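**Student:** Sequence below, structure please.
(one chain, ligands or ions: 1)
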Amino acid sequence: MFPQHFSDWLQQFVPLELYQALFALLADKPWYVVDKYQQVKYCSPGLLQLLGYETDEFLVQRVAPLGLELDFKGLKTTSSATVSNAEGISISVAKTTSWLSGQDAEIIAGICLLTPRVDSSKEPSKTIHKPNKDNFHGIISRSPAMHAVFQIIENAAATTATVLVRGESGSGKELVARAIHQLSTRNSGPFLAINCAALSSSLLESELFGHVRGAFTGAVKDHSGLFQRANGGTLFLDEVAELPLELQAKLLRVLQERNYIPVGGDRSINVDVRIVAATHRSLREQVRLGEFREDLMYRLRVVPIFIPPLRERREDINLLLWHFIRLHNAENFRRIEKIDPAAMQILLDYAWPGNVRELHNVVEYAFAVGRGTVLRSAELPPEFRELPRSPELDDKPLALLSPEQEADAIRAALSRYQGKLNLAANALGMSRATFWRKRKLYGL
Ligand SMILES: Nc1ncnc2c1ncn2[C@@H]1O[C@H](COP(=O)(O)OP(=O)(O)OP(=O)(O)O)[C@@H](O)[C@H]1O
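**Tutor:** Residues are numbered from 1 along each chain as shown. The predicted structure follows:
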């Protein structure tokens with residue numbers, strides 16, 4: 001195929017280095033290599049980008065459903081096809097395939113280049129890309145329950161109704177409040193937030209409603225409260241269930257009359273503020289316990305919004321991990337391009353009691369402690385690495401085992417975790433390096 005002089009000249013290169021140089025050159029093009037069983041062996045960064053994936057793991061398993069399967073019709077063919085991207089949207093492409101054969105002329109691999117076809121009836125970008133429906137004003141989710149929440153936010157934002165957001169800590173309640181503000185006609189006004197659980201009753205009262213000079217010792221001048229400063233905008237009352245009963249009466253008055261009297265004052269102040277409140281508790285239960293006014297509950301929950309915890313929308317874990325990794329990639333000298341499958345499994349199995357905030361912290365931790373382009377399980381915070389120890393150990397510390405017992409424990413852990421080295425090492429409480437050394441020592 002090549003002229004002789006070029007073939008001769010090529011001899012001086014190490015083949016792997018030559019391939020690497022070519023792969024780097026073609027990195028932006030969407031192309032991939034399959035073996036004779038149509039298993040994807042390699043896909044270019046350009047292909048991942050075209051299809052909207054962060055890693056190649058998904059593609060490797062799902063050749064046929066995504067339309068990546070190759071037809072063998074000759075040594076080089078071009079055909080029209082459609083492939084599916086990560087959002088399930090079809091992309092029309094031209095597939096140019098070249099087959100490679102081994103020494104006995106048997107086909108051993110195929111290389112395929114995809115060229116997206118531009119539909120001249122549509123704007124080119126729209127044939128391939130779609131607005132990201134999984135990012136709603138900074139709230140990232142692909143869960144149907146959250147997409148229903150997006151719809152409620154959109155509808156509620158168009159009204160002046162008071163909204164009550166319920167969800168566990170770190171699940172995104174403040175983001176919901178911000179989205180409502182952004183989408184409402186008040187978006188040029190202020191958005192202010194306060195956590196009702198963070199202050200004592202008297203401080204909270206003065207923070208919310210302000211005070212006049214001399215109202216109490218230390219009140220040396222007038223202080224305008226959050227209600228006054230949020231005038232024309234939105235006030236987010238987080239942990240509203242913790243609001244003391246005496247302040248609940250004052251809040252009810254603002255909601256009903258749209259005015260209030262500052263601490264120590266004698267004149268009421270009119271305000272136009274939209275309230276979005278949030279709680280991780282059931283307000284109904286608080287009412288039953290006598291801790292919350294029933295009339296205020298009904299005033300607050302005109303539009304109730306429930307945010308499911310992260311463990312009930314596991315489809316979001318991967319999406320959010322990559323969202324935060326992308327943010328940190330842009331800011332850090334470290335670039336994570338892949339999550340090790342063992343680490344991913346641990347993250348997917350985790351219960352996420354701190355929800356999205358905790359997931360973000362995990363990504364930050366990995367950037368702080370790890371190096372390289374792969375996020376590995378050893379870079380997860382300690383609580384993720386404390387996997388149940390193998391029963392093979394009989395609760396005996398490893399240091400007390402004889403070499404035979406230690407070898408048996410390693411063998412058992414390897415078989416228990418089907419050769420997944422990270423998980424087996426974790427289960428035995430060993431670092432990867434120690435685990436590797438011991439396997440070598442015992443010939444395992
Ligand atoms: N769906 C999401 N997409 C992107 N970021 C999110 C999402 N949910 C939460 N976060 C991020 O997680 C963190 C916690 O979110 P937020 O403060 O809105 O939670 P919260 O429910 O109000 O928590 P708390 O009740 O503890 O105050 C923030 O940094 C927020 O940006």
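**Student:** Val33 should be in a strand, yeah?
**Tutor:** Yes: assignment of Val33 by DSSP: H, G, I helix; E, B strand; the rest coil places it within a strand.
**Student:** mind listing what it touches?
**Tutor:** Val40, Lys41, Tyr42, Cys43, Ala109, Gly110, Ile111, Cys112 (CB atoms under 8 Å, 6 or more residues apart in numbering). Where you see a C-beta, it was placed from the backbone N, CA and C, and this is true even at glycine.
**Student:** Wait, the third one touches Ala27, no?
**Tutor:** No: Tyr42 is beyond contact range of Ala27, at 11.3 Å (criterion: CB atoms under 8 Å).
**Student:** Could you say which helix or strand holds Asn155?
**Tutor:** helix 144-157 (DSSP states H and E).
**Student:** all helices for the stretch 151-300 of the chain, in order.
**Tutor:** 173-183, 201-209, 226-229, 245-257, 283-288, 294-300 (DSSP state H, counting those that start in this stretch).
**Student:** any chance of the ones you listed in a markdown table, plus distance to Asp104, mean pLDDT and mean neighbour count?
**Tutor:** Output for those, formatted as a markdown table (distance: least, CB to CB, whole Å; pLDDT from 0 to 100; neighbours: other CB atoms under 10 Å):
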| stretch | distance to Asp104 | mean pLDDT | mean neighbour count |
| --- | --- | --- | --- |
| helix 173-183 | 61 | 96 | 22 |
| helix 201-209 | 81 | 92 | 18 |
| helix 226-229 | 80 | 94 | 19 |
| helix 245-257 | 82 | 94 | 15 |
| helix 283-288 | 74 | 95 | 16 |
| helix 294-300 | 76 | 96 | 18 |
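**Student:** Indicate which one of those is closest to Tyr365.
**Tutor:** With respect to Tyr365, and counting by CB to CB, the nearest of these is helix 173-183 at 21.6 Å.
**Student:** Mind giving me the packing neighbours of the top helix by length along the chain?
**Tutor:** Ranked by residue count, the top helix of the chain under DSSP state H comes out as helix 315-331. Under the contact criterion of 3 or more CB pairs under 8 Å, 6 or more residues apart in numbering; DSSP states H and E, helix 315-331 touches strand 139-140, helix 341-349, helix 355-369.
**Student:** residues of it that come out buried?
**Tutor:** Neighbour counts over helix 315-331 (16 or more other CB atoms under 10 Å) mark Asp316, Ile317, Asn318, Leu319, Leu320, Leu321, Trp322, His323, Phe324, Ile325, His328, Asn329 as buried.
**Student:** quick one: which of those is nearest to Asn135?
**Tutor:** His323 (8.1 Å).
**Student:** hmm, which helix or strand of this protein has the shakiest average pLDDT?
**Tutor:** Lowest by mean pLDDT, DSSP states H and E among the helices and strands of the chain is helix 124-128, with a mean of 38.
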